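Peer 1: Need coordinates for the below:
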Amino acid sequence: MSGHSKWAQIRRQKGVNDSKRGALFTRLGREIVVAVREGGGGDPDANFRLRMAVQRARDANMPMDNIERTIKRAVGGAEGAQLDDVVYEGYAPGGAAIMVQAMTDNRNRTAAEIRTTFGKNGGNLGESGCVDWIFEQKGIFEVALDGKDPDELTLDVIDAGAEDVDEFLDGDETLIVYTDPSQLNQMREALEAKGLTLTRAETQLVPKTKIDLGEKESLQTLRLIDKLEELDDVQNVYTNAQIADEYAEKYAG
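Peer 2: Purely as a prediction, here's the structure:
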């Protein structure tokens with residue numbers, strides 16, 4: 001059973017509800033565009049990458065009209081400039097690894113913004129490959145408790161083929177489930193066949209090892225991650241920092 005933390009809860013909630021990220025819908029729209037162009041067309045039933053992008057947009061309360069309009073424009077080739085997936089690697093204060101996934105129509109601009117953000121917040125942008133070996137891609141689901149006993153729900157998801165499950169803490173409303181990324185679609189179908197409610201289904205980078213940070217480095221790392229996530233081109237930020245609950249709560253205010 002994987003570890004669990006207050007910080008993980010805060011970040012998941014932040015991803016959907018934080019109004020500071022005014023560009024959230026723009027980022028979600030970019031995901032949809034790239035999914036259409038690279039995943040095999042504008043039909044979510046036939047394009048798994050698009051189906052996941054649409055699900056993330058719906059989880060963030062993006063209006064269906066916006067989603068459908070974005071898909072139509074992408075299919076027609078009229079949705080903005082060519083977007084490239086790019087990844088940047090670096091280190092946070094205290095030495096934790098940072099992976100930044102971005103979508104951009106201007107690699108030079110994005111690289112400069114990310115380098116500046118690292119520098120202004122006590123981090124260092126590294127060379128390609130410097131930390132990617134620390135992370136592995138996993139399929140991740142959030143399964144709603146819906147009044148079920150957490151232990152029974154855990155047995156249900158393991159029976160459906162889950163590789164690992166996060167520890168369930170008091171106050172949690174969902175169970176975090178991990179699977180091989182190649183099995184994401186099959187796992188989703190297996191969970192839904194059991195009548196379970198999925199609130200999230202996507203692939204993420206998960207650290208194979210973590211590094212404990214003290215209070216100062218934890219607060220600096222959280223600030224760096226926030227500043228990176230505020231950049232228009234940044235889609236996701238991952239770290240192997242282990243943030244103590246008390247530091248996460250202090251930062252969250």
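
Peer 1: Return the residues in contact with residue 103.
Peer 2: Residues in contact with residue 103, defined by C-beta atoms under 8 Å, 6 or more residues apart in numbering, are 27, 30, 31, 34, 83, 84, 85, 86, 233, 235. The way it works is simple: take the backbone N, C-alpha and C, and place the C-beta from them, glycine included.

Peer 1: Run a quick check on the fourth one versus residue 82, I expect a contact.
Peer 2: By that I understand residue 34. No. Applying C-beta atoms under 8 Å as the test, residue 34 and residue 82 come out as separate, 9.7 Å apart.

Peer 1: In terms of neighbours, single out the busier of the two.
Peer 2: Taking residue 34 and residue 82 together and counting by other C-beta atoms under 10 Å, residue 34 has the greater number of neighbours (21 against 9).

Peer 1: and that one, that's in a strand?
Peer 2: No. Under DSSP: H, G, I helix; E, B strand; the rest coil, residue 34 falls outside any strand and is assigned helix.

Peer 1: Now for it: which residues touch it?
Peer 2: Neighbours of residue 34 in contact, by C-beta under 8 Å, 6+ apart: 53, 83, 85, 103.

Peer 1: Could I get the phi/psi values of the nearest residue to residue 46 once chain neighbours are set aside?
Peer 2: Excluding the flanking residues, the one nearest residue 46 by C-beta to C-beta, 6 or more residues apart in numbering is residue 40, at 6.4 Å. Torsion angles at residue 40 (phi, psi; degrees, to the nearest 10) stand at phi 120, psi 40.

Peer 1: how far away is residue 40 from residue 162?
Peer 2: Distance of residue 40 to residue 162, computed by C-beta to C-beta, to the nearest Å: 27 Å.

Peer 1: Looking at those two, which is more packed in?
Peer 2: Using other C-beta under 10 Å as the criterion, residue 40 and residue 162 rank with residue 162 on top: 22 against 13.

Peer 1: Give me the nearest residue to that one, chain neighbours excluded.
Peer 2: Nearest residue to residue 162, sequence neighbours excluded (C-beta to C-beta, 6+ apart): residue 177, at 4.7 Å.

Peer 1: by contact count, what packs against the host helix or strand of that neighbour?
Peer 2: Element membership of residue 177, judged by DSSP states H and E, is strand 174-179. When contacts are defined as 3 or more C-beta pairs under 8 Å, 6 or more residues apart in numbering; DSSP states H and E, strand 174-179 sits against strand 135-144, helix 150-159, strand 164-165, helix 184-193, strand 198-207.

Peer 1: Now do the helices in this structure.
Peer 2: With DSSP state H as the criterion, the chain has helices at 6-17, 24-39, 48-59, 64-75, 107-120, 150-159, 184-193, 215-229, 245-252.

Peer 1: Perfect, that will be all.
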